[in-house]
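Student: I'll drop the sequence and a predicted model, then ask my questions.
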Amino acid sequence: MPTAYSYLRFSSPEQASGDTLRRQSEKREEWLKANPNVNLDNSLCLTDAGKSGWNRDNFDTYALAEFIKLIGGPIKSGSYLLVENLDRLSREKITVAVRLFLEILEKGVTIVQLLPSVTVFSEDEISREPFRLMQAILELQRGKAESDLKSERIAGAWENKRKNLKNQIASRRSPGWIRAVGGEGKKMKDTAPGEVRFELIEDRAVIVRRIFTECIEGSGVQSIARKLNENKIPTMGRVTIKERGWLGKEVHGENYRIHQVTWNETTVYQILTSRATFGEYQPGRGRKRKNRVKVGEVRSNYYPSAITRETFFAAQAALASRGGKGRSGKGAGRRGNHVNLFAGLLIDALDGGSLTYKHSDTRSPILVPVNAKKGKQTAWTSYPAAPLERALRSVLVEVRTEEIGEDVSPSLRIDALRGRKNELEKLIAYWQGKMGNLAIADSVETKLAEFSTELRAVSAEMESVEREAANPATEAWAAVRTLAGTNPTDDTDELRTRLRAAIRRTVSAVYCFFNGVGRYRLALVQVYFRSGGSRGCFIIYSPGRSNHRVKRPGRVWFSSNRDGIGYDGESAPNYDLRDGVDKVFVPEWLAEYPREKIEEFLAMGIDVND
């Protein structure tokens, strides 16, 4: 007996609870009764639920695509594919739809259309009656035209909603910490202005505030997600996900796998970068995130605010300080069992490459050049992390807040940028009014492109300055001085995380020269601030010793150039570790440093665990 396979598809999940499944299944059963010599295969679940036939860039994920791949294998030539209508196969442009239709026929599968009347399409019949192919093309084109018309009408409806955003909301859809109330049971187009409003779901808004607070205090998105899961904080929206492969007995068969939804980096990052958190709404066009295009003006106070605008930009500054575009930063976050205070900032002054923490089970962490570790012909030097960190913390406490202050008030810069933005918007409106004059169409297009490009740049700069204003360097440095002065032996992960975040907001780089004199380890370090200043530090370290009965701790001495102290603890500061001359001079100077002076300084030093 030949085998029939039933393909079901509907575009939106809501259709599953409507009439579409009943209608498609009912017509299938009628055809099977009329063709008792054909056996329906129930082992394959050929259903694309909530998937469009009009716009599908990812066709390989469709059950129909998998079906086509199996023709000639498990699916034998001479089988039947039952569809309610040819538009269930495709509503794409006619060339794509016809190619898909013919591919199925050429592989030996007969397509049976059940509505509006039963029509059988096979390669042999089309060869005998070419009109059948024309009939199929017309049917496929009809489906495409319907989808195009529907898309045009929906686009027009949304355009009208965008124009009336000042008077009503565009959709009941909202972020997970907000819900729409009022107007229940009505479509948005039938809802009068004022009937529907948004309100915070307060227990979820608390979670949003917690995420922003932890981000600003230094936690990365991975750390925040982990803490939320450890504390069993519920996610927003769905708590479980049904995962189903295309193989199965029926649309809602037993082959579902239930997954518990947990917090992850992506979810936390999306909340941290959502402007809806402080009430903004940016109208857009396109259903998929990657294809969505901003349309129209941003509306402020569209949603109720879960946080302040200042808090949002403070979080953006914290994210930016941890590594640019990526969600997990540039490798400057916590990766092991220790929060590294200066990770991502340390630079080997010899070759300009990064320094990295090297951990082991038998010894304390050390700092080594990344390029040497990768075998890039860089000299292999190292320095124990604990004494260097102890010295730098003490040096940072010495730096006064006014030494790293901003050059220009962010509020003045914002005012200047806002003024230019207003000018540009007026210019764009002026030239848009001249678009109807064909005689100057080219000039109008050039002007609009020029002003639009500048407007985007000004808007981006305004956001950058607002981030700075939300995270003033002076405030961050006050936090550095307070936290760095905490007894290192009383450190907690939380305190170190907050200190690391404050350091990254104010320090741009930490350049280091390492060298050894006998068993002593010497380091010359210079901290460069984002505001342009710097502070140097000379560190001498003597490793701890042990005779298997008594262990003596290491000892460290350090001096900064705060009061005219230079290389040797006496002369005025005269070096810049970014300078080419010092890259030659400093290593030689460290290698020849007198041992008697080292021992003299260490006698005034402090014990440190290594």
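Tutor: Good, I have the coordinates.
Student: distance of residue 40 relative to residue 66?
Tutor: With distances taken as CB to CB, to the nearest Å, residue 40 is found 18 Å from residue 66. For every residue, glycine as well, the C-beta is placed using N, CA and C.
Student: cool, and residue 532?
Tutor: On the measure of CB to CB, residue 532 and residue 66 end up 60 Å apart.
Student: tell me which of those two has more neighbours.
Tutor: Legend: neighbour count by other CB atoms under 10 Å for residue 532 and residue 66, higher for residue 66 (15 against 9).
Student: how close does that one get to residue 44?
Tutor: 9 Å.
Student: again, but for residue 398
Tutor: From residue 398 to residue 44 the distance is 73 Å (CB to CB).
Student: how many neighbours does residue 60 have?
Tutor: Neighbours of residue 60 (other CB under 10 Å): 9.
Student: who has more neighbours, residue 398 and residue 44?
Tutor: When neighbours are counted by other CB under 10 Å, residue 398 and residue 44 differ, and residue 44 comes out ahead with 20 against 14.
Student: run a quick check on that one versus residue 5, I expect a contact.
Tutor: Yes - contact criterion CB atoms under 8 Å: residue 44 and residue 5 qualify, at 6.1 Å.
Student: give me the below-cutoff pLDDT ranges for the stretch 51-200 of the chain.
Tutor: Along the stretch 51-200 of the chain, the parts satisfying pLDDT under 70 run over 52-57, 143-170, 183-194.
Student: could you pull out the strands for it?
Tutor: 80-83, 110-113, 119-121, 178-181, 197-200 (DSSP state E, counting those that start in this stretch).
Student: ok, which of those comes nearest residue 60?
Tutor: If you check each of these against residue 60 by CB to CB, strand 80-83 wins as the nearest, at 18.4 Å.
Student: ok, residues contacting that closest one?
Tutor: By CB atoms under 8 Å, 6 or more residues apart in numbering, the residues outside strand 80-83 that reach it are 2-7, 28, 31, 38, 67, 89, 104, 109-114.
Student: how's the chain carved up into domains?
Tutor: 3-150, 178-321, 346-402+476-608, 410-470 (automatic domain parsing).
Student: quick one: pLDDT of the closest residue to residue 40 other than its chain neighbours?
Tutor: What sits nearest to residue 40 in space, not counting adjacent residues and going by CB to CB, 6 or more residues apart in numbering, is residue 4, at 5.1 Å. Listed pLDDT for residue 4 reads 88.
Student: can I get the domains of the chain in a markdown table with distance to residue 339?
Tutor: Formatted as a markdown table, these follow (distance: least, CB to CB, whole Å):
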| stretch | distance to residue 339 |
| --- | --- |
| domain 3-150 | 40 |
| domain 178-321 | 9 |
| domain 346-402+476-608 | 4 |
| domain 410-470 | 24 |
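Student: of all the ones you listed, which lies closest to residue 171?
Tutor: Here domain 178-321 is closest among those (CB to CB), at 6.0 Å.
Student: which residues of the stretch 451-600 of the chain fall in strands?
Tutor: 507-517, 520-529, 534-542, 545-546, 551-552, 554-560.
Student: winner for burial among the ones you listed?
Tutor: Comparing these by mean neighbour count (mean count of other CB atoms under 10 Å), strand 534-542 ranks first with a mean of 24.
Student: just name the shakiest helix or strand of the protein by mean pLDDT.
Tutor: strand 240-243 (a mean of 60; mean pLDDT, DSSP states H and E).
Student: and the end-to-end length of stretch 66-74?
Tutor: 11 Å (CA to CA, to the nearest Å).
Student: now do it: everything it contacts.
Tutor: 5, 7, 44, 46, 75, 77, 79, 81, 103-104, 107-109, 246.
Student: show me which of the residues you listed are buried.
Tutor: The neighbour-count test (16 or more other CB atoms under 10 Å) marks 5, 7, 44, 46, 75, 79, 81, 104, 109, 246 as buried among the contacts of stretch 66-74.
Student: measure the third one to residue 237 for me?
Tutor: Okay, so that is residue 44. In terms of CB to CB, residue 44 sits 31 Å off from residue 237.
Student: and what of the second one?
Tutor: Going from residue 7 to residue 237 by CB to CB gives 31 Å.
Student: same check on the fifth one?
Tutor: Summarising the geometry, the distance separating residue 75 from residue 237, computed by CB to CB, is 38 Å.
Student: quick one, helices of the stretch 101-250 of the chain?
Tutor: Here the stretch 101-250 of the chain has its helices, by DSSP state H, counting those that start in this stretch, at 123-128, 131-163, 202-216, 221-230.
Student: where in the stretch 401-550 of the chain is pLDDT low?
Tutor: 401-416, 467-481, 483-491, 547-550.
Student: quick one: the helices in it?
Tutor: Using DSSP H, counting those that start in this stretch, helices in the stretch 401-550 of the chain cover 410-432, 441-470, 473-484, 493-506.
Student: dump those into a markdown table; add distance to residue 525 and mean neighbour count as well.
Tutor: Output for the helices of the stretch 401-550 of the chain, formatted as a markdown table (distance: least, CB to CB, whole Å; neighbours: other CB atoms under 10 Å):
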| stretch | distance to residue 525 | mean neighbour count |
| --- | --- | --- |
| helix 410-432 | 30 | 14 |
| helix 441-470 | 27 | 15 |
| helix 473-484 | 15 | 18 |
| helix 493-506 | 14 | 22 |
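Student: so residue 263 is in contact with residue 223, correct?
Tutor: No - under the criterion of CB under 8 Å, residue 263 makes no contact with residue 223, lying 11.0 Å away.
Student: looking at the two, which is more packed in?
Tutor: More crowded of residue 263 and residue 223, by other CB under 10 Å: residue 263, with 23 against 19.
Student: for the more buried one, which residues are in contact?
Tutor: 224-226, 228-229, 233, 235.
Student: and it, how close does it get to residue 231?
Tutor: 10 Å.
Student: just the buried ones out of the contacts of strand 80-83, please.
Tutor: Judged by 16+ other CB under 10 Å, buried ones among the contacts of strand 80-83: 4-7, 28, 31, 38, 67, 89, 104, 109-114.
Student: among those, which two are most distant?
Tutor: 38 and 89, at 19.4 Å, using CB to CB across the buried ones among the contacts of strand 80-83.
Student: report the secondary structure state of the closest residue in space to residue 35 that isn't next to it in sequence.
Tutor: Spatial nearest neighbour of residue 35, excluding adjacent residues (CB to CB, 6+ apart): residue 4 at 8.0 Å. Assigned by DSSP: H, G, I helix; E, B strand; the rest coil, the conformation of residue 4 is strand.
Student: in the sheet, who's paired with residue 4?
Tutor: According to DSSP bridges, residue 40, residue 80 are recorded as the beta-bridge partners of residue 4.
Student: go ahead and confirm it touches residue 38.
Tutor: Yes - counting by CB under 8 Å, residue 4 touches residue 38, with 4.9 Å between them.
Student: any residues in contact with both of these two?
Tutor: Contacts common to residue 4 and residue 38, judged by CB under 8 Å, 6+ apart, are 32, 80.
Student: need the contact list for the nearest residue to residue 85 once chain neighbours are set aside.
Tutor: Nearest non-adjacent residue to residue 85, counting by CB to CB, 6+ apart: residue 115, 5.2 Å away. Contacts here follow CB under 8 Å, 6+ apart; on that basis residue 115 touches 27, 84-85.
Student: state the distance from residue 115 to residue 503.
Tutor: 68 Å.
Student: ok, how many other residues are close to residue 224?
Tutor: Neighbours of residue 224 using other CB under 10 Å come to 23.
Student: so who does it touch?
Tutor: Contacts of residue 224 by CB under 8 Å, 6+ apart are 211, 214-215, 263, 268.
Student: now with 6 Å, please.
Tutor: By CB atoms under 6 Å, 6 or more residues apart in numbering, residue 224 lies in contact with 211, 214, 268.
Student: cheers, nothing more for now.
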